[in-house]
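Chemist: sequence? don't have it. structure:
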Ligand code: ADP
């Protein structure tokens, strides 16, 4: 601050130099008497342009019409001080958002001499506030729209549960699927939708705890409608957290899959019927086929040297055809029986592949095959069938090896929280991409397999086994570029997944085992 003669002069100079606030002295009529640098910076007027002018000129027409300047002056006169926020006009005609304090000013003897007006330009703050308000309004309206949308959804029951599983919100879909109106169900525990057995076994508590623990839980099963009828529900529970990460409730989305379930059940019944038929037919065919085989070998043995050469050939053809028929009948029987054995265990696929490779050690060493096995997961399944699955796949990779290169097989796996995928890649003769699907159908052999023995049933067995484990199997290949078989198994909640990718062992001519 510059040196000044007296306290008063000092004060005046201070006011003069304030830039962030417009400090204006008005006389009793509201005419400008004093004008500081802040007032110039805010409005654009220099002191000489504005002194003597009435402060009404800073008001926008709308405020003038409403008599706002007079109201402010009167209020300051009456109450000593008045605050205002609103638009004001600059010299260049532009407006700014002003926060204004007008204070009644008195002379030395206490007589009223005018007003002090302190104005702060809040345009930026106001803009930010407006933006915030607009954003909030937008958010609110999108939340409202979202709420409406959820309410309107008809194909899914969308519920909000509190942290203990009591229904807080209920949409139209829920009403349509389960039959209760919101009034009837809000406040009730969601276990009301479970069957008696489900409630007794504590399934609702189990599933909500799983969602609390894991953040999400998926469930499928029969549920009970208001009228007591059952529907097949696919349900996803998702935990809702507060900012501290505490679970405050759950969303529960239910899809009614009754029709799909019933169609599946009908299909399953039809398949079972077909399998039973195949089983019975192949079983009954076995003995006549064996008989043909036996009789033709008898003719060959007892009368072979008495028969003319072309007749002997025919008998040999009957014999080999009967043998092949026997193999086919056996294959159909095996296929029909797949699924009869029901025992389910945690099966370590490392052990399964290890066993298969031990059995095939003779073949792998004969053709100098290099088999690389990375660490495989443990899955829930039937050990015998899983063994048959890997045996078929590895045998195929060896059987359909390219004669011009050393057979190489690589078995690896990948997993996420819902499933694991086992990949079996070879560098054999490959499969034309157009045939990658049909090779999983019974008796389908490709032209590339003609010179190799086979019945065309191995992959059909594989597909059935994988299907029995609720999994998927598919092939990817380029003709002549080797082929890759993918097998996907779902993980269920109870499964322990032992999956690490790093354990690699590779040896030539040896059975390879993961430790
Ligand atoms: P099979 O081997 O007895 O013919 P599969 O059902 O095991 O019967 O296989 C069906 C067909 O798929 C085979 O005939 C062959 O053409 C093709 N195939 C299967 N695995 C492979 C493979 N790893 N590489 C190339 N072709 C394959």
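Modeler: Received, thanks. Quantities reported herein were computed from a predicted structural model and do not represent experimental measurements.

Chemist: need the residues of this protein near the ligand, please.
Modeler: 392, 396-397, 400, 426, 428-431, 439, 444-446, 448-449, 454-460, 483 (Cβ under 6 Å from any ligand atom). To be clear about C-beta, it is placed using only N, CA and C from the backbone, and glycine gets the same treatment.

Chemist: was I right to think residue 168 contacts residue 185?
Modeler: No: using Cβ atoms under 8 Å, residue 168 is not in contact with residue 185, being 10.2 Å away.

Chemist: and the two? Which one has more around it.
Modeler: Just comparing residue 168 and residue 185: by other Cβ atoms under 10 Å the higher neighbour count belongs to residue 185, 21 against 12.

Chemist: residues contacting the more buried one?
Modeler: 167, 170, 174, 178, 192 (Cβ atoms under 8 Å, 6 or more residues apart in numbering).

Chemist: looking at the residues of the chain next to the ligand, which are in strands?
Modeler: Mapping those onto strands (DSSP state E) picks out 426, 483.

Chemist: from the residues of the chain next to the ligand, which ones fall inside helices?
Modeler: In this view, the residues of the chain next to the ligand that belong to helices under DSSP state H are 392, 396-397, 458-460.

Chemist: ChimeraX command to pick out the buried ones of the contacts of residue 185?
Modeler: Here is the ChimeraX command that selects the buried residues among the contacts of residue 185 (16 or more other Cβ atoms under 10 Å):
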select :167,170,174,178
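
Chemist: roughly how far does residue 146 sit from the ligand?
Modeler: From residue 146 over to the ligand the distance is 51 Å, taken as Cβ to the nearest ligand atom, to the nearest Å.

Chemist: how many other residues sit next to that residue?
Modeler: 10.

Chemist: what do you get for residue 88?
Modeler: Residues lying near residue 88 (other Cβ under 10 Å) number 23.

Chemist: list the residues that contact residue 351.
Modeler: By Cβ under 8 Å, 6+ apart, the contact list for residue 351 is empty.

Chemist: find me the pLDDT at it, would you?
Modeler: Listed pLDDT for residue 351 reads 97.

Chemist: ok, residue 496 next?
Modeler: pLDDT for residue 496: 31.

Chemist: any idea how far residue 367 lies from residue 480?
Modeler: As judged by Cβ to Cβ, to the nearest Å, residue 367 and residue 480 stand 18 Å apart.

Chemist: go on, residue 312?
Modeler: When residue 312 is compared with residue 480 (using Cβ to Cβ), they lie 41 Å apart.

Chemist: which of these two has more residues huddled nearby?
Modeler: Neighbour comparison, residue 312 and residue 480: the larger count goes to residue 312, with 16 against 12 (by other Cβ under 10 Å).

Chemist: which of the residues of the chain next to the ligand are buried? Put it as a PyMOL command.
Modeler: This is the PyMOL syntax for the buried subset of the residues of the chain next to the ligand, where burial follows 16+ other Cβ under 10 Å:
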select buried, resi 392+396+397+400+426+428+429+430+431+439+448+449+456+457+458+459+460+483
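
Chemist: now the stretch 401-515 of the chain, which segments are flagged as low pLDDT?
Modeler: The model of the stretch 401-515 of the chain has pLDDT under 70 over residues 492-515.

Chemist: what segments of it are strands?
Modeler: Counting by DSSP state E, counting those that start in this stretch, residue ranges of the strands within the stretch 401-515 of the chain are 408-415, 419-426, 472-477, 483-490, 505-508.

Chemist: return the residues in contact with residue 367.
Modeler: Listed by Cβ under 8 Å, 6+ apart, the contact set of residue 367 reads 398, 401, 406-407.

Chemist: for it, give me the pLDDT.
Modeler: 93.

Chemist: could you do residue 82 as well?
Modeler: 94.

Chemist: what's the burial count for it?
Modeler: 20.

Chemist: likewise residue 136?
Modeler: Residue neighbour count, defined by other Cβ under 10 Å, stands at 10 for residue 136.

Chemist: gap between it and the ligand?
Modeler: 62 Å.

Chemist: and residue 109, what does it touch?
Modeler: Residue 109 neighbours (Cβ under 8 Å, 6+ apart): none.

Chemist: number the residues from 246 up from this point.
Modeler: Sure, I'll start counting at 246 from here, so that last one is residue 354.

Chemist: and it, how far is that from the ligand?
Modeler: Applying Cβ to the nearest ligand atom to residue 354 and the ligand gives a distance of 111 Å.

Chemist: hang on, that residue in a strand?
Modeler: No: using DSSP: H, G, I helix; E, B strand; the rest coil, the assignment for residue 354 is coil, not a strand.

Chemist: phi and psi next, for it.
Modeler: Backbone geometry at residue 354, expressed as degrees, to the nearest 10, gives phi -90, psi 10.

Chemist: what helix or strand is whichever residue of the stretch 396-545 of the chain sits closest to the ligand located in?
Modeler: For the stretch 396-545 of the chain, the nearest residue to the ligand under the criterion Cβ to the nearest ligand atom is residue 523, separated by 16.6 Å. Using DSSP states H and E, residue 523 falls within helix 503-548.

Chemist: what do you get for residue 479?
Modeler: According to DSSP H and E, residue 479 maps onto strand 475-486.

Chemist: secondary structure class for residue 464?
Modeler: strand.

Chemist: rewinding a little: for the residue of the stretch 396-545 of the chain closest to the ligand, give me its contacts.
Modeler: 577, 580-581.

Chemist: next one: it from residue 456, what distance?
Modeler: 43 Å.

Chemist: looking at this structure, which residue lies furthest from center?
Modeler: Centroid-distance maximum for the chain: residue 354 at 79.3 Å, with Cα atoms, centre = their mean.

Chemist: show the pLDDT at that residue.
Modeler: 87.

Chemist: and for residue 301?
Modeler: Per-residue pLDDT puts residue 301 at 96.

Chemist: count the neighbours of it for me.
Modeler: Close neighbours of residue 301, defined as other Cβ under 10 Å, add up to 15.

Chemist: backbone phi and psi for it, please?
Modeler: phi -60, psi -20.

Chemist: once you drop chain neighbours, what's closest to it?
Modeler: Take residue 301 and drop its neighbours on the chain: the residue closest to it by Cβ to Cβ, 6 or more residues apart in numbering is residue 314, 4.7 Å away.
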